[in-house]
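>>> turn this into a structure:
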Amino acid sequence: MELAGTWRKVMPYMAMVFLQLGFAGMFLISVASLRQGMSHYVLVVYRNVAAAIVMAPFALWFERKTRPKLSLSVFIKILALGLLEPVLDQNFIYMGVNSTSASFASALTNILPALTFVNAIILRMERIETKERRSLAKIAGTAITVGGALLMILFKGPNVNCPWSKHVINDSVSDSGAHNSGHWLMGTFMILLSCFCWSAFFILQSYTLRSYPCGLSLTTLICATGAMESGAVALVMERDTKAWSIGFDIRLFTAVYSGIMCSGVAYYVQGIVIKERGPVFVTAFSPLCMIIVTVLGSFILSEVVTLGRLIGATVIVVGLYALIWGKNMDHLKSIDNNKEENSFEKHKSFELSFSTSDVNKTSSLGNI
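Residues are numbered from 1 along each chain as shown. As a prediction, this is how the structure comes out:
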């Protein structure tokens, strides 16, 4: 029993770390595919088609008896979810990565926990009590995380020479070229839009799961509707038929990997964790993706690691732990409150039955 309880506590953390590893791989291989000329509109379509095909059999088999009827309100929510994440978020993030770099994009997405936290407060999904340490920790963690991300963006500092990157091309040259041509600023704006759509997707997903609790079926429907919606956008934006042809290369691998790992598996696992811990907890792990991409990007994509990025990463980790600590305290308090309510209900029912039996005894004695 103790092992099962420990595993249940650790599972949300392990699941989110696993997803961040998957997202880091998506950033790296997406940059490689986009540099080879692959259209991001086509990549989004193929990604969601692959996710829907892979997740559909699991949804049909495991949820065949528990799947509720699809109401009109749930269907509208699924259409909105397909528009927010598969269409808007994925296209914006690919455009931002293509205009900047993988490490920069993964660093800027660290504002996602702050956006989700603010949106959750506005929608009254999160409560802030300034007199409690857990609420102060969440506020401070969010501010520190945003500050670390801004530090990485605004301050580069000297290059940190890694043993494996001394002979590679300096990434700062390409960064400055993109900045002079205006692509860097446009890419930053696209990444910010992506984070806003991603945050809205998390919150709407948490609401949809309340009325449609089948995670596998919901994931399949989101990917299917996202594939249709992104396909309509791609047909309008991408007129060249050659852009739709891909072979057995990095482009096909990017579409399949991103679809299965970052769409299908990610939607399902995030839905499970959102049910238990809420959307803010899910987005609090996004800084880990930045750290992984920064390290692997310097090795695989020849991106130079700067002192500013390392300092910003350290600051972000501090804010990450503060935010997670506050969310963990919220979770423990909710468990204690549920235990108190259950014990109160049991005590109340015991008193009620005891008083009823006393009345019966009294009335029977009076009759005697």
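
>>> going by C-alpha atoms from here, please, whenever you check contacts or count neighbours.
OK.

>>> so L252 versus A105, what's the distance?
Separation of L252 from A105 (CA to CA, to the nearest Å): 22 Å.

>>> who's more crowded, those two?
A count of neighbours by other CA atoms under 10 Å puts A105 above the other of L252 and A105, at 25 against 17.

>>> gap between the more buried one and F196?
Separation of A105 from F196 (CA to CA): 14 Å.

>>> contacts only, for L112.
195-196, 198-199, 283-284, 286 (CA atoms under 8 Å, 6 or more residues apart in numbering).

>>> farthest pair within these?
Maximum pairwise distance among the contacts of L112 (CA to CA): 14.7 Å, between F196 and A284.

>>> okay, the two: which has more neighbours?
Ranked by neighbour count (other CA under 10 Å), F196 and A284 place A284 first, with 27 against 20.

>>> that one and P113 touch, don't they?
Yes - using CA atoms under 8 Å, A284 is in contact with P113, at 5.2 Å.

>>> re earlier: of the contacts of L112, which belong to strands?
In strands, defined here by DSSP state E, there are no members of the contacts of L112.

>>> now those residues as TSV including pLDDT and distance to K327?
Converted to TSV, those look like this (pLDDT from 0 to 100; distance: CA to CA, whole Å):
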residue	pLDDT	distance to K327
C195	89	21
F196	90	21
W198	88	20
S199	89	17
T283	73	12
A284	73	9
S286	74	15
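
>>> any chance of those in CSV, plus distance to A51?
Listed next are the contacts of L112 as CSV, based on distance: CA to CA, whole Å:
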residue, distance to A51
C195, 21
F196, 23
W198, 18
S199, 21
T283, 21
A284, 24
S286, 21
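
>>> in helices, which of those residues appear?
When DSSP state H defines the helices, the subset of the contacts of L112 inside them is 195-196, 198-199, 283, 286.

>>> avg pLDDT for the helix or strand hosting V318?
For V318, the host element (DSSP states H and E) is helix 307-367. For helix 307-367, the mean pLDDT works out to 63.

>>> one more: stretch 75-87?
Averaging pLDDT along stretch 75-87 yields 93.

>>> give the contact list for L150.
L150 makes contact with 108, 312 under the criterion CA under 8 Å, 6+ apart.

>>> repeat that for 10 Å
Applying CA atoms under 10 Å, 6 or more residues apart in numbering, we find L150 in contact with 107-108, 110-111, 144, 309, 312, 316.

>>> how near is it to P279?
Distance of L150 to P279, given as CA to CA: 23 Å.

>>> again with S103
24 Å.

>>> neighbour-wise, which one of the contacts of L150 leads?
Within those, most neighbours by other CA under 10 Å means I316, with 31 neighbours.

>>> touching, that residue and T142? I think so.
Yes - here I316 reaches T142: they are 9.2 Å apart, a contact under CA atoms under 10 Å.

>>> shared neighbours of the two, which are they?
With CA under 10 Å, 6+ apart as the test, I316 and T142 both reach 110, 148, 322.

>>> quick one: which of those residues is nearest to S230?
N110 (25.3 Å).

>>> chain neighbours aside, what residue packs nearest to that closest one?
P287 (5.4 Å; CA to CA, 6 or more residues apart in numbering).

>>> surely that neighbour touches L19?
No - look at P287 against L19 with CA under 10 Å: they stay out of range, at 11.9 Å.

>>> these two - which one has more neighbours?
More neighbours surround P287 than the other of P287 and L19, with 26 against 23 (other CA under 10 Å).

>>> contacting residues for that one?
Going by CA under 10 Å, 6+ apart, P287 touches 20, 106-113, 145, 148-149, 313, 316-317, 319-320.

>>> that one and I222, how far apart?
From P287 across to I222, the span is 25 Å (CA to CA).

>>> quick one on the thing from earlier: common neighbours of A105 and F196, please.
Common neighbours of A105 and F196, counting by CA under 10 Å, 6+ apart, are M190.

>>> which stretches of this protein aren't confidently modelled?
Regions of the chain meeting the criterion pLDDT under 70 cover residues 1-5, 161-182, 301-304, 331, 336-368.

>>> can you tell me the centre-most residue of it?
Centroid-nearest residue in the chain, with CA atoms, centre = their mean: T283, separated by 5.0 Å.

>>> report how many residues lie close to the nearest residue to that residue once chain neighbours are set aside.
Leaving aside its sequence neighbours, T283 sits nearest to P113 (CA to CA, 6+ apart; 4.9 Å). The number of residues packed around P113, counting by other CA under 10 Å, is 28.

>>> residues contacting P113?
Contacts for P113 (CA under 10 Å, 6+ apart) come out as 119, 141-143, 145-146, 195, 199, 279-287, 320, 323.

>>> show me where the stretch 51-200 of the chain has its helices.
Assigned by DSSP state H, counting those that start in this stretch, the helices in the stretch 51-200 of the chain fall at 72-82, 90-99, 102-108, 112-122, 133-154, 171-180, 183-211.

>>> okay if I get those helices as JSON lines plus distance to H40?
Formatted as JSON lines, those follow (distance: least, CA to CA, whole Å):
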{"stretch": "helix 72-82", "distance to H40": "17"}
{"stretch": "helix 90-99", "distance to H40": "6"}
{"stretch": "helix 102-108", "distance to H40": "15"}
{"stretch": "helix 112-122", "distance to H40": "22"}
{"stretch": "helix 133-154", "distance to H40": "24"}
{"stretch": "helix 171-180", "distance to H40": "18"}
{"stretch": "helix 183-211", "distance to H40": "13"}
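
>>> what does stretch 323-336 contact?
The contact list for stretch 323-336 (CA under 10 Å, 6+ apart) reads 9, 13, 113-114, 117, 126-127, 132-145, 276-278, 280-282, 284-285, 317, 319, 321-322, 337-342.

>>> just the buried subset of these, written out for PyMOL, thanks.
Command for PyMOL that selects the buried part of those, burial taken from 16 or more other CA atoms under 10 Å:
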select buried, resi 113+114+117+126+134+135+136+137+138+139+140+141+142+143+144+145+277+278+280+281+282+284+285+317+319+321+322
